[in-house]
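Asks: missing the sequence, but the structure's below:
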């Protein structure tokens, strides 16, 4: 399904119904489809909406608008277009940074945020060489497959999931690719995050090579007051695909508390 806002068409997938919604944001290089199995486990209780960020999935790919604040504007626009009155935003990696920026605005109806293998609100500690490597990570199917096996995952994923991830990565526009690497990863929203006034759950893999536990403990957890925290054993960066059932159980418990 598509919604027109901010000069582009954004795609989203939806399942379930009810007064309370879960809004899912994906990682850089992915799409809304990474949440399929998680949503299957939650849609009997909540309305679930998964967005394709601009330049990814089936959303339009403009040449502009790849600051994290732009991505947060898109999410806020979809929430308004769908008239969501009570919702939790679940953000993975890049989507987690977007969720934090959105929550710092204290939008009406937001009940909590779930940060899944999230990027911190502060800049990523990577050098120019690593940035160039990131830009080439999704250049062809072989390179995507290598990154999946050696960087993004630390436990098995299905072949169907691997194929979908490769397809998603190859669809990412050059503007979205460079927008995250050159802009999003450098932006610092640390000061704004102090405005977050809703419950927060942080879920991380203890073998994540992208945003490892030391980043979570040093740059994410200190930004919030008593966040609920989970480190999943022997899991990497792609928790929605490496540990979907664990995520379902954690999110069910968190959502019940957030919507109470």
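Replies: Noted; the coordinates are in hand. As the structure is a prediction and not an experimental result, all values here were calculated from the model. Residues are numbered from 1 along each chain as shown.
Asks: drop to CA atoms for contacts and neighbour counts, all remaining ones
Replies: Fine.
Asks: which residues are in contact with stretch 122-136?
Replies: Here stretch 122-136 makes contact (Cα atoms under 8 Å, 6 or more residues apart in numbering) with 143, 177, 178, 181, 182, 185, 186, 187, 188, 189, 190, 219.
Asks: In the beta-sheet assignment, what are the partners of residue 47?
Replies: Note on residue 47: beta-bridge partners residue 21, judged by DSSP bridges.
Asks: Need the per-residue pLDDT for it.
Replies: pLDDT for residue 47: 98.
Asks: What distance do you get for it to residue 35?
Replies: 13 Å (Cα to Cα, to the nearest Å).
Asks: got the contact list for residue 67?
Replies: So residue 67 contacts 179, 180, 183, 184, 187 (Cα under 8 Å, 6+ apart).
Asks: Check those residues for burial and list the buried ones.
Replies: Buried subset of the contacts of residue 67 (neighbour count, 16 or more other Cα atoms under 10 Å): 179, 180, 184, 187.
Asks: Not counting its neighbours along the chain, what's nearest the first one?
Replies: To tie it back to what came earlier, the one meant is residue 179. residue 66 (5.0 Å; Cα to Cα, 6 or more residues apart in numbering).
Asks: Which stretches in the stretch 51-200 of the chain count as strands?
Replies: For the stretch 51-200 of the chain, applying DSSP state E, counting those that start in this stretch gives strands covering 87-92, 110-116, 200-205.
Asks: nearest to residue 172, of those?
Replies: strand 87-92 (16.4 Å; Cα to Cα).
Asks: and that closest one, which strands flank it?
Replies: When DSSP bridges is applied, strand 87-92 pairs with strand 21-25 (parallel), strand 110-116 (parallel).
Asks: C-terminal to the shortest one, what's the next element?
Replies: Read that as strand 21-25. The helix or strand immediately downstream of strand 21-25 is helix 36-42, counting by DSSP states H and E.
Asks: low pLDDT regions in the stretch 151-260 of the chain?
Replies: Under the criterion pLDDT under 70, no range of the stretch 151-260 of the chain is flagged.
Asks: what residues does stretch 178-185 touch?
Replies: 28, 66, 67, 68, 94, 123, 124, 131, 134, 135.
Asks: Would you mind measuring the gap between the ends of it?
Replies: Span of stretch 178-185 from end to end, Cα to Cα: 10 Å.
Asks: try stretch 136-156
Replies: 24 Å.
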